[in-house]
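K.L.:
Quick one, fold the following:
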Amino acid sequence: MPQFQINYLGCGSASPTLRHLPSCQVVDFRNNLFMIDCGECAQLSMRRQKLKYSRLGHIFISHLHGDHCLGLPGLVSTLALTGGRDGGTLTIHTFKEGAEMFKRMIDFFCHMPPFDIEFNIIDPQSTQTIFENDAITVRSFPLYHRLPCVGFIFEEKPKLRHLNGEIARFFNVPVALYADIKRGADFVTEDGTVIKNERLTTPADKSSSYAYCSDTMFNPKVAESVQGVHTIYHEATYCDDQIVKARERFHSTASQAAKIATLAGAEQLVLGHFSKSYHDEQRHLSEAREIFPNTLIAHEGMVLPL
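P.N.:
Okay, the predicted model is just below:
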């Protein structure tokens, strides 16, 4: 199973339709689940995609429009009722106003859940690290919507180099030093000879990264914020036939999302947050691929390994 993959639970905009659910994704990183936005029916979508409630530890809310957060009270209630999240802590990353609102709702509908709930406050005006452990970093950055909105970057930390066991044994490297050598240390023999790390190891696997660009109008500053990220998810509510509406509503078209991916030097683009005015997304895909060929269309149930 891949160590870093994205599960797409909701790919529509505004409200649920028969084709799409509101925004919701789950990053599965080394069997730890991180939810990004929480549209309606998030808990049902998790069940359908066989994502275990017990592995969900963090929920990141990009902004306080209903299609991105109205599923949160229901999800927390389900976690409490099913016992699928017994013990531990569920951390909700949101703005100050969101923390105040969700706390009241959760206290009212889900009194004394069998796990702790913490709120981590995001500053929507700045780029900041909002979560970090020994393997991954999550950063937020400003987006440009009708109300405060942020995107998120999930960045895998640099991996260890690969030890060449045959060479290590030849130089009698103690097993106790293997970890340091994987981290880049040289080895000094008993007679003082320095064995360079490049002889003892091979390069580490490339780390991966994923940027989530929620609701935003086209702005080159977004590309600056996600510069060098491997895979970018970018909202593409409209096609170019509704570019005026996109600008008026602070949204993006598929071709504008492709321009951001190009400016950012990304390797892969995923489009989502589609308007219900379209019967399919083939036009979105065509317009984006004219600018950025390696573009995918997100759909409910899709799993993307990185």
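K.L.:
And for the closest residue to Ala135 other than its chain neighbours, the neighbour number?
P.N.:
Leaving aside its sequence neighbours, Ala135 sits nearest to Lys157 (C-beta to C-beta, 6 or more residues apart in numbering; 5.6 Å). Just so you know, the C-beta spots here come from the backbone N, C-alpha and C atoms, and that holds for glycine as well. By other C-beta atoms under 10 Å, 11 other residues sit near Lys157.
K.L.:
Could I get the contacting residues of Lys157?
P.N.:
Asp134, Ala135, Ile136, Thr137, Ser207 (C-beta atoms under 8 Å, 6 or more residues apart in numbering).
K.L.:
now do 7 Å
P.N.:
Counting by C-beta atoms under 7 Å, 6 or more residues apart in numbering, Lys157 makes contact with Ala135, Ile136, Thr137, Ser207.
K.L.:
and those, which of them are in strands?
P.N.:
Those of the contacts of Lys157 mapping onto strands are Ile136, Thr137, per DSSP state E.
K.L.:
By neighbours, which of the contacts of Lys157 wins?
P.N.:
Of these, with other C-beta under 10 Å as the count, Ile136 tops at 20 neighbours.
K.L.:
pLDDT value on it, please?
P.N.:
With respect to pLDDT, Ile136 scores 97.
K.L.:
For it, give me its contacts.
P.N.:
Counting by C-beta under 7 Å, 6+ apart, Ile136 makes contact with Phe29, Phe154, Glu155, Glu156, Lys157.
K.L.:
All the helices of the stretch 1-150 of the chain, in order from the start?
P.N.:
Assignment of helices within the stretch 1-150 of the chain using DSSP state H, counting those that start in this stretch yields the ranges 42-48, 66-69, 72-82, 96-109.
K.L.:
What lies in contact with stretch 244-260?
P.N.:
So stretch 244-260 is in contact with 144-146, 215-218, 222-223, 232, 234-240, 243, 269, 271, 284, 287-288, 291-292, 295, going by C-beta under 7 Å, 6+ apart.
K.L.:
Which members of those are positioned in helices?
P.N.:
For those, membership in helices holds for Val222, Ala223, Ile243, His284, Glu287, Ala288, with DSSP state H as the criterion.
K.L.:
Quick check: closest non-adjacent residue to Glu132.
P.N.:
In space, and not counting its chain neighbours, Glu132 is closest to Val138: 7.1 Å by C-beta to C-beta, 6+ apart.
K.L.:
Run a quick neighbour tally on that neighbour.
P.N.:
Applying other C-beta under 10 Å, I find that Val138 has 23 neighbouring residues.
K.L.:
In this structure it contacts Val150, no?
P.N.:
No: using C-beta atoms under 7 Å, Val138 makes no contact with Val150, being 11.2 Å away.
K.L.:
Please indicate which of the contacts of stretch 244-260 are buried?
P.N.:
Listed as buried from these are 145, 215-218, 222-223, 232, 234-239, 243, 269, 271, 284, 287-288, 291-292, 295; burial here means 16 or more other C-beta atoms under 10 Å.
K.L.:
could the helices of the stretch 1-150 of the chain go into JSON lines alongside distance to Phe171, mean neighbour count and mean pLDDT?
P.N.:
Converted to JSON lines, those look like this (distance: least, C-beta to C-beta, whole Å; neighbours: other C-beta atoms under 10 Å; pLDDT from 0 to 100):
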{"stretch": "helix 42-48", "distance to Phe171": "50", "mean neighbour count": "20", "mean pLDDT": "96"}
{"stretch": "helix 66-69", "distance to Phe171": "55", "mean neighbour count": "21", "mean pLDDT": "97"}
{"stretch": "helix 72-82", "distance to Phe171": "52", "mean neighbour count": "19", "mean pLDDT": "94"}
{"stretch": "helix 96-109", "distance to Phe171": "55", "mean neighbour count": "15", "mean pLDDT": "96"}
